[in-house]
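Chemist: could you look at this predicted model? Sequence included:
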Amino acid sequence: MAKNQDVLTDEDIKNIKSYYSIDCDYIKENTHDVRLKCPKHGVRHRRLPDLETFAVLVEMYPMVTAAEWSRVYGTSREAVRVLYSQIDDESLSQKRFDLKYGTSIDWQKWENFFDLYATKTRIGKVHLMELCDISKNYFTYWMRKSTKLQEMMNDADVLRNYNKDNPKSKRCYRCSLEKPIDEFHNDRNNRDGKSATCKECNYKNVLIYNKKRQEEFDPRNVDSEKYCTGCETIKPRSSYDLCKSNKGGLQQYCKRCQANFDKRHWLRRKKFADAGLNGLHKCNTCDREREEIEFYLVRENPLSKVAFVSNDCRDCVTEGFDSIKAIKPNYSKQSFIAKYKNGMINWATLSDVIESEMGRYSS
């Protein structure tokens with residue numbers, strides 16, 4: 001056996017027992033209880049060698065553990081430990097450590113470990129130690145001996161925590177691809193502030209989820225009322241638009257809150273800004289002066305770059321639509337708004353459009 005190994009071979013055991021062994025069948029058969037007397041010889045055999053012989057054996061095999069010595073001689077580890085403590089030779093203990101862990105620090109190995117530990121934040125320390133050929137005992141031994149290694153470990157811990165909080169890339173939980181951190185949605189529930197799945201996978205999942213909901217949609221199971229998170233009010237089903245992809249079959253927000261969110265959307269604001277419509281405008285119906293974004297944006301044709309705001313605010317147009325819907329429940333709001341915009345181009349007022357539509361459905 002090489003001196004830096006801690007497991008004895010059959011040849012090693014044979015050599016050790018040539019220095020000291022007791023040729024008694026009873027001892028060989030009863031290795032579990034060392035306190036019993038041998039019925040053949042009438043004594044309790046000393047299973048371990050004397051101190052001088054054991055010191056010679058330890059010198060020959062410095063890396064052998066107490067557990068291995070107890071296995072060879074069929075005794076307890078505590079008995080071996082007591083015998084070890086009687087060998088007053090500090091150089092022997094240091095020799096064992098030198099053989100096992102080396103006499104000097106392998107700085108390249110440690111620098112490689114600290115670099116991986118700081119950057120590979122998803123891999124645990126134990127696995128990184130195995131990757132760098134650093135055992136747990138080796139790690140503990142040199143950490144206790146070197147203050148410089150302790151400082152390097154502290155610095156690596158700080159850098160690792162920073163990289164966990166501010167990653168440049170991340171592995172998607174679903175597609176298992178490493179992607180830039182910008183390709184993940186924000187999620188304050190995670191340490192890095194990003195979701196576990198990338199945007200692309202999220203979009204695919206939403207499409208699959210919506211399709212499944214739409215296929216399973218049943219108008220008979222639509223909720224009769226719902227809590228609106230916008231105005232924080234419980235409202236009846238009539239206050240919501242249908243949404244087949246939502247649980248319960250209703251939109252998240254009531255019609256009024258949804259309309260307010262829509263008209264304040266940044267894309268809509270951009271359209272008004274591009275058209276130079278950032279001022280105030282007076283509504284012909286309610287006679288109130290309001291921001292131009294509170295009105296509809298009207299173009300003579302879809303390709304026209306010239307745009308202007310409607311004569312009536314969105315709230316008044318909605319009230320006009322509601323009056324028609326009371327007569328015709330299936331009447332489309334988009335259809336009404338389109339007719340209102342076309343009527344404006346032809347100099348028709350909101351009341352003209354409402355009167356025309358009411359006449360169609362009442363006749």
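Modeler: All right, it came through fine. Numbers count the residues shown, from 1 in each chain.
Chemist: skipping adjacent residues, who's closest to residue 227 in space?
Modeler: residue 234 (5.1 Å; CB to CB, 6 or more residues apart in numbering). All C-beta atoms are positioned from the backbone trio N, CA, C, and that covers glycine.
Chemist: the one you found sits in which helix or strand?
Modeler: strand 233-236 (DSSP states H and E).
Chemist: just checking, the residue nearest to residue 227 touches residue 226?
Modeler: Yes: counting by CB atoms under 8 Å, residue 226 is a contact partner of residue 234 at 7.1 Å.
Chemist: dump the residue contacts of the residue lying closest to residue 120 once chain neighbours are set aside.
Modeler: Distances taken as CB to CB, 6+ apart put residue 128 closest to residue 120, at 6.5 Å, once the chain neighbours are dropped. When contacts are counted by CB atoms under 8 Å, 6 or more residues apart in numbering, residue 128 touches 113, 116-117, 120.
Chemist: tell me which strands and helices the strand holding residue 234 is in contact with?
Modeler: strand 225-228 (3 or more CB pairs under 8 Å, 6 or more residues apart in numbering; DSSP states H and E).
Chemist: how near is the residue nearest to residue 86 when sequence neighbours are not counted to residue 296?
Modeler: Closest residue in space to residue 86, ignoring its immediate chain neighbours: residue 51 at 5.5 Å, by CB to CB, 6+ apart. Applying CB to CB, to the nearest Å, the value for residue 51 to residue 296 is 102 Å.
Chemist: compare the two (neighbour count), which wins?
Modeler: Between residue 51 and residue 296, counted using other CB atoms under 10 Å, residue 296 has the larger neighbour count: 17 against 12.
Chemist: next helix or strand past the strand or helix carrying residue 138?
Modeler: Element membership of residue 138 [criterion: DSSP H and E] is helix 136-145. Per DSSP H and E, the first helix or strand lying C-terminal to helix 136-145 is helix 147-165.
Chemist: got the angle for the helix holding residue 138 vs helix 147-165?
Modeler: 110 degrees (axes from the mean of the first three to the mean of the last three CA atoms, to 10 degrees).
Chemist: show me what helix 136-145 is packed against.
Modeler: So helix 136-145, by 3+ CB pairs under 8 Å, 6+ apart, packs with helix 90-101, helix 125-131, helix 147-165.
Chemist: can we see that at 7 Å?
Modeler: helix 90-101, helix 147-165 (3 or more CB pairs under 7 Å, 6 or more residues apart in numbering; DSSP states H and E).
Chemist: tell me which residues are up against that helix.
Modeler: By CB atoms under 7 Å, 6 or more residues apart in numbering, the list of residues contacting helix 136-145 from outside reads 97, 101, 105, 129, 149-150, 153.
Chemist: cool, stretch 79-88 as well?
Modeler: 48, 51, 54-55, 58, 66, 69-70.
Chemist: going by distance to residue 272, which of the residues you listed wins?
Modeler: Closest approach between the contacts of stretch 79-88 and residue 272, by CB to CB: residue 66, at 83.2 Å.
Chemist: quick one: the closest one and residue 75 touch, right?
Modeler: No: the criterion here is CB atoms under 7 Å, and residue 66 misses it with residue 75 at 10.1 Å.
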